[in-house]
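**Q** build me a model from this:
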Amino acid sequence: MPLVQACPTHPSPYRVRADGWFECPAGHELHPGDIDLDGPTVWAVDGSGVLRYVVDPTASLEEFGDVLDALAQGVDDCPDPLGMAHALIRMALSSCLDYVDAFRVGIAKSA
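**A** Numbering: from 1, shown residues only. Here you go, the predicted model:
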């Protein structure tokens, strides 16, 4: 599930307003330009108007591809091949779930 951006002084989520700004129920405002994200995170507004953070679907697909490449190369040379295979499969599942989260809030893979 995509993370909800809550107001730092009020434990409720920001919701989009008609002017494109975000506001929590206590009236604290957030301008879209002030949203500060780290790494491959992007923001979106879900169907109910709540500001959410998701992993960029392009990054999710790149990670998934990297995992598939690692699986294709094999894990037999690893000290714990079964453990490595499990870890790679968990990473692949996580990448897929991140991609689905982005899709659910309307973000598609960028070209």
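**Q** Val50 touches Ala6, doesn't it?
**A** No. Applying Cβ atoms under 8 Å, one finds Val50 not in contact with Ala6, separated by 9.7 Å. For glycine as for every other residue, the C-beta is placed from the backbone atoms N, C-alpha and C.
**Q** so which helix or strand takes in the residue sitting furthest away from the middle of the chain?
**A** The centre of the chain is farthest from one residue, Asp77, which by Cα atoms, centre = their mean lies 32.3 Å away. Remark: Asp77 resides in no helix or strand, with elements defined by DSSP states H and E.
**Q** what pLDDT does His31 get?
**A** On pLDDT, His31 comes in at 93.
**Q** so where do the strands sit in this structure?
**A** With strands called from DSSP state E, the chain shows them at 3-4, 15-16, 22-23, 29-30, 41-45, 51-55.
**Q** what's the lowest-mean-pLDDT helix or strand in the chain in contact with?
**A** Least confident element among the helices and strands of the chain, by mean pLDDT, DSSP states H and E: strand 3-4 (a mean of 84). Contact with strand 3-4 is made by 13, 50-54, as judged by Cβ atoms under 8 Å, 6 or more residues apart in numbering.
**Q** nearest to Gly83 among these?
**A** Nearest to Gly83 among the contacts of strand 3-4: Val54, at 29.1 Å, using Cβ to Cβ.
**Q** can you tell me the closest non-neighbouring residue to Ser48?
**A** Setting aside the residues directly before and after it, Ser48 is nearest to Arg15 in space (Cβ to Cβ, 6 or more residues apart in numbering), at 7.9 Å.
**Q** err, Thr41, not the other one
**A** Take Thr41 and drop its neighbours on the chain: the residue closest to it by Cβ to Cβ, 6+ apart is Tyr53, 5.2 Å away.
**Q** isn't the one you found up against Pro2?
**A** Yes. Using Cβ under 8 Å, Tyr53 is in contact with Pro2, at 6.3 Å.
**Q** between those two, what contacts are shared?
**A** Shared contacts of Tyr53 and Pro2, counting by Cβ under 8 Å, 6+ apart, come down to Ala44.
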